[in-house]
Structures are given as C-alpha cells and as structure tokens.
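In: I need the structure of the sequence given here:
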Amino acid sequence: MTVNAGTRRSGDSVVARKKTSKKWMGLATLALAPMVLLASPGVASAASQECLQNSENSSHDMAGNWSTDHQTQSVSVQQANNTWQDWIWRGPTFQCPWNVPSCSYAWQQSKTTGWQASVGLSIKIPIPKVGSFLDEITPSYTRSGSTTTSYTFTTNLSPGQFAQPIQVVQRRWTQGVYQGIYHSTGAKCLPSPSNPNGKAFEYTWSPNERWGSWATNLKVSDYGTYNVWK
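Out: Numbers count the residues shown, from 1 in each chain. Purely as a prediction, here's the structure:
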C-alpha cells in the first residue's frame with residue numbers, strides 16, 4: 001500500500017484596474033503576503049496593457065486569475081501509463097478456518113471515508129514567479145470527496161485465507177506546466193487610492209508562454225473491495 005500526503009496552501013490576491021476601460025479588476029499576485037488593493041483612475045494606455053499593483057509594490061511577473069482580464073491555466077504535459085492504489089481505509093481482518101472446505105465472507109457493515117482528489121503536489125517555479133495562488137490553479141487541488149461502501153457483497157475464501165475490507169482511490173501521476181503570465185513593461189501608472197504611496201506598473205499579457213512546472217497524483221476512480229491473501 002502506498003499513501004501520499006497532500007499539501008495545501010492558500011491563495012493571495014490584489015485588485016487592479018485595466019487602464020483602457022477604467023474597470024476595477026482583481027489580481028492574484030505571485031507574492032506571499034495577501035493584500036487587497038483598489039486601482040485608481042488614470043490615463044488610458046495601449047489596449048493590450050493593464051495597470052496592476054501587487055502587495056510587494058514590485059514589477060515582478062504575475063499570474064492572472066478570475067478577477068483579471070486574462071487567466072493563467074494549468075496544462076498537463078505528461079502522465080504515467082499505469083495507475084496506483086491509494087488505500088484510504090482498511091477494516092478488520094477475517095481468516096477462514098483451516099478445518100472447513102471453504103468460506104463465504106461479508107463484513108456486513110457500511111463505511112464512508114473522505115479523500116483528496118490530488119495528493120503529493122509539488123510545484124517548481126522560477127523566482128520571482130512565486131506565490132501560493134499557483135496551488136489553486138493546479139488541477140483538482142482543492143477538490144475532495146468521499147467513498148461509501150456497503151460490504152454486503154461476499155468474497156469466497158479457501159481454508160486459512162485472510163480477507164479485509166478496504167477502500168481505494170486509484171491515482172495517476174501527472175505532470176504539467178503553467179500557461180499565461182503578465183510581464184511588466186517597467187512603466188509606472190497611477191496607484192490605488194487605497195494605497196497612494198504604493199507602486200503600480202503597466203503589464204502586458206503573454207497568453208501562450210509556458211513556465212514553471214507542477215506534479216501531483218490525481219484521482220482516477222474510487223471503490224470499496226476486499227483484500228484477500230494467505
């Protein structure tokens with residue numbers, strides 16, 4: 001049995017404004033400290049540029065999320081051919097007596113066990129493209145569920161064999177990259193009125209640029225059965 005521990009992190013966000021439309025926008029920055037900012041009105045620039053401000057007051061590259069005009073996506077690029085079994089629960093053990101021709105065994109109880117859709121998440125990103133927001137755009141990172149099995153079905157045993165009810169999540173190792181990033185032009189723009197002493201910069205969106213990497217073990221299926229051995 002192999003069980004990998006998951007990793008969970010929280011996301012960061014700021015709010016920004018697209019200069020051409022003067023629309024208030026939010027931005028998930030690649031900064032570690034969460035901070036909410038509002039962008040201020042200013043002079044419109046080229047249509048492809050946005051005036052964005054992050055919690056570090058820096059011009060570091062940024063990922064886009066639901067609150068920006070553009071969103072960073074996760075793209076799968078490689079996966080294992082085979083799946084592996086993550087045993088999320090094991091019940092009591094029953095042994096068929098040696099002095100009988102055979103046994104038919106059913107546990108006759110119901111069991112519910114929770115699971116995470118993604119376990120063993122690993123993220124590698126180049127500095128300064130760093131931030132806990134990236135965890136949340138990785139496939140199935142925050143999704144969870146449960147398996148319920150009613151062990152009224154039977155398994156046939158030979159004398160001396162053992163049986164144990166188990167619940168399993170079948171997983172597949174998957175690797176991917178992030179696609180889409182905001183690059184600063186270096187030009188300053190008007191900061192948020194809620195943080196007038198902060199710094200804001202104009203950014204351009206690079207939609208097809210791939211960067212960083214992630215790897216995790218994604219849930220393929222879940223079920224309950226008996227483990228039988230001798």
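In: Identify the residues contacting the residue lying closest to C103 once chain neighbours are set aside.
Out: Nearest non-adjacent residue to C103, counting by CB to CB, 6 or more residues apart in numbering: C96, 3.6 Å away. Glycine gets a C-beta too; all of them are placed from N, C-alpha and C. Listed by CB atoms under 8 Å, 6 or more residues apart in numbering, the contact set of C96 reads 102-103, 105, 157-163.
In: Look up how far T93 lies from the spatially closest residue to F153 that is not a sequence neighbour.
Out: Closest residue to F153 apart from its sequence neighbours, by CB to CB, 6+ apart: A106 at 6.3 Å. Going from A106 to T93 by CB to CB, to the nearest Å gives 14 Å.
In: The chain: helices as residue ranges?
Out: 133-136 (DSSP state H).
In: max-length strand in the protein?
Out: Longest strand of the chain, by residue count under DSSP state E: strand 200-229.
In: For that one, buried residues please.
Out: 200-203, 205, 211-219, 222, 224, 226-228 (16 or more other CB atoms under 10 Å).
In: What pairs with that strand, parallel or antiparallel?
Out: Take DSSP bridges as the rule and strand 200-229 pairs in its sheet with strand 49-52 (antiparallel), strand 118-124 (antiparallel), strand 162-189 (antiparallel).
In: any chance you could read off phi and psi for the residue nearest to C103?
Out: Torsion angles at C96 (phi, psi; degrees, to the nearest 10) stand at phi -70, psi 130.
In: about what we covered before: figure out which of the strands paired with strand 200-229 is closest to S144.
Out: S144 lies closest to strand 118-124 among the strands paired with strand 200-229, at 9.3 Å (CB to CB).
In: pLDDT weak spots in the protein?
Out: 1-47, 67, 127-133 (pLDDT under 70).
In: which residue is nearest the middle of it?
Out: By CA atoms, centre = their mean, the chain has its centre lying nearest to Y141, at 2.1 Å.
In: picking up where we left off before, for the contacts of C96, which one is nearest T147?
Out: Using CB to CB, the contacts of C96 come closest to T147 at A163, 18.7 Å.
In: So that closest one sits against T225, correct?
Out: No: between A163 and T225 there is no contact under CB atoms under 8 Å: 10.2 Å.
In: Show the contacting residues for S104.
Out: 154-157.
In: and it, bridged to which residues?
Out: For S104, the beta-bridge assignment (DSSP bridges) gives partners N156.
In: related to what we said a few turns ago, quick one: which of the contacts of S104 is most hemmed in?
Out: L157 (21 neighbours; other CB atoms under 10 Å).
In: hmm, back to that, do you know how far the residue nearest to C103 is from R90?
Out: Taking CB to CB, one finds C96 at 18 Å from R90.
In: what does S194 give?
Out: As judged by CB to CB, S194 and R90 stand 53 Å apart.
In: coming back round to it: just the buried subset of the contacts of C96, please.
Out: Buried, going by 16+ other CB under 10 Å: 103, 105, 157, 161, 163, out of those.
In: ok, so of those residues, who is nearest Q85?
Out: Among the buried ones among the contacts of C96, A163 lies closest to Q85 (CB to CB), at 16.9 Å.
In: ok, now which ones touch the closest one?
Out: 93-96, 105, 155, 157, 226-228.
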